[in-house]
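A.B. asks: A predicted structure for the sequence below; I have some questions about it.
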Amino acid sequence: MKLPNLIVAGLPKAGSSSLFHWLAAHPEVYGAPSKETFYFIDRDSPLLRLEANYNFHGLDLYESFFSNCPDDAKIVLEATPHYIYQKTALDFFASCNPQPHVVFLLRKPSKRIFSAFSFMQNNLARLDSNLTFEQITDLLLDQTGNLVQKLDYPQDSIFYEWLNDQLPHNRYYDFLTCWSERFSNDKIHIILFEEMIANPQATLIKLAESLGIDANFYKEFYFEQRTKTIVIKNRFAHEMLLKLAPYIATSKIRGLLKSLYIQLNSSAPKPATSESLTRLDNYFQPYNQKLAEEFNLNLESWK
């Protein structure tokens, strides 16, 4: 039984869905049928899936995700971008012999927070449609906690959990250091989202060469972007569709309905105000500088 030797371990809302599908399209790569297995999530995480988790089921159940992997696959791929934050994932993959390759996609923190906010509010319909990104920025940078207390949200709302994660989860240095300390240098691959989107062909060719698979495959490849953030026109219809989606028979039918639905009930999101982004950029500047120095990264695309 083959286990993954390539993990896309970070970050959410930084292009992991696109990267997974581009890699899985390669004839020498086998991508897990479910892109995100969430199998190595920590016990105390709200992302924990009791029906499939390493802490409760060991390795046997994880192997079942790859039961159809062909013997000649050079790369076996899984992509759960929340792994970057999980000690369970770090401990398991670092202890593997040989260690898998681990990819981290990094995105300019302010833009990533805006993308996450838009996705939660629209695609997932999990945040109040009246909330603005300017309010979110105020809440994030408020040191007193008074603004949060004024919100009319139940105390157990996912909003608070999401809000509390945004600043620490975008200080990438803190998490990447833990991984780099336990993996050999040739196993860690850091890709900037902005560079990947600007030139996906160059990014995938370079990564393919590092993984030892045929890089020529990507010279004529069509790089379709996945999981784009949208603005919902009719929120009630969207919430109903989210509830019904698990009961729609096949992934093919779901895909066709989703494509039609997006055309009818969505539009492109409005960009964040420059003032809000600038305030967040100022907050993250020292953390980004530390990241660039430690991992020898050119972050010009974040300016």
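C.D. replies: Alright, I've got the coordinates.

A.B. asks: going forward, measure contacts between C-alpha atoms and count neighbours the same way
C.D. replies: Noted.

A.B. asks: need the contact list for Ile7.
C.D. replies: For Ile7, the contact set (C-alpha atoms under 8 Å, 6 or more residues apart in numbering) comprises 77-80, 100-103.

A.B. asks: possible to save these as a markdown table with pLDDT?
C.D. replies: Shown next, in a markdown table, are the contacts of Ile7 (pLDDT from 0 to 100):
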| residue | pLDDT |
| --- | --- |
| Leu77 | 98 |
| Glu78 | 96 |
| Ala79 | 97 |
| Thr80 | 97 |
| Pro100 | 98 |
| His101 | 98 |
| Val102 | 98 |
| Val103 | 98 |
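
A.B. asks: As CSV, those with neighbour count and secondary structure would be great.
C.D. replies: Supplementary listing: the contacts of Ile7 in CSV, determined by neighbours: other C-alpha atoms under 10 Å; DSSP: H, G, I helix; E, B strand; the rest coil:
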residue, neighbour count, secondary structure
Leu77, 24, strand
Glu78, 27, strand
Ala79, 27, strand
Thr80, 24, coil
Pro100, 21, coil
His101, 23, strand
Val102, 23, strand
Val103, 23, strand
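
A.B. asks: Show me where this protein has its strands.
C.D. replies: Assigned strands in the chain, in chain order: 6-10, 29-31, 75-79, 101-106, 188-192, 231-232, 266-267 (criterion: DSSP state E).

A.B. asks: If you count contacts, what does the second one end up packed against?
C.D. replies: Contacting strand 29-31 under the criterion 3 or more C-alpha pairs under 8 Å, 6 or more residues apart in numbering; DSSP states H and E are the following elements: helix 16-24, strand 75-79.

A.B. asks: Most tightly packed of the strands of the chain?
C.D. replies: Mean neighbour count, computed with mean count of other C-alpha atoms under 10 Å, is highest for strand 75-79 among the strands of the chain, reaching a mean of 25.

A.B. asks: how much space between the closest residue to Leu47 other than its chain neighbours and Leu50?
C.D. replies: Spatially, and ignoring its direct neighbours in sequence, Leu47 is nearest to Ile41 (6.8 Å; C-alpha to C-alpha, 6 or more residues apart in numbering). Computed as C-alpha to C-alpha, to the nearest Å, the Ile41 to Leu50 distance reads 10 Å.

A.B. asks: These two: which has the busier surroundings?
C.D. replies: Ile41 (26 against 12; other C-alpha atoms under 10 Å).

A.B. asks: measure stretch 61-71 end to end?
C.D. replies: End-to-end for stretch 61-71, by C-alpha to C-alpha: 19 Å.

A.B. asks: Likewise for stretch 82-98?
C.D. replies: With C-alpha to C-alpha as the measure, the ends of stretch 82-98 fall 22 Å from one another.

A.B. asks: residues of it that come out buried?
C.D. replies: Across stretch 82-98, burial judged by 16 or more other C-alpha atoms under 10 Å covers 82-90, 93-94.

A.B. asks: follow-up on the earlier one: make TSV out of the contacts of Ile7 and add distance to Leu23.
C.D. replies: Listed next are these as TSV, based on distance: C-alpha to C-alpha, whole Å:
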residue	distance to Leu23
Leu77	8
Glu78	10
Ala79	10
Thr80	14
Pro100	15
His101	13
Val102	13
Val103	12
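
A.B. asks: wait, isn't Arg49 in contact with Phe38?
C.D. replies: Yes - under the contact definition of C-alpha atoms under 8 Å, Arg49 touches Phe38, with a separation of 7.2 Å.

A.B. asks: So between those two, which is more surrounded?
C.D. replies: Neighbours were counted for Arg49 and for Phe38 using other C-alpha under 10 Å; Phe38 has more, 21 against 17.

A.B. asks: Run through the residues that contact that one.
C.D. replies: Listed by C-alpha under 8 Å, 6+ apart, the contact partners of Phe38 are 47-49, 52-53, 80, 82-83.

A.B. asks: now Ser110
C.D. replies: 277, 280-281.

A.B. asks: Show me these that map onto helices.
C.D. replies: Of the contacts of Ser110, the ones assigned to helices by DSSP state H are 277, 280-281.
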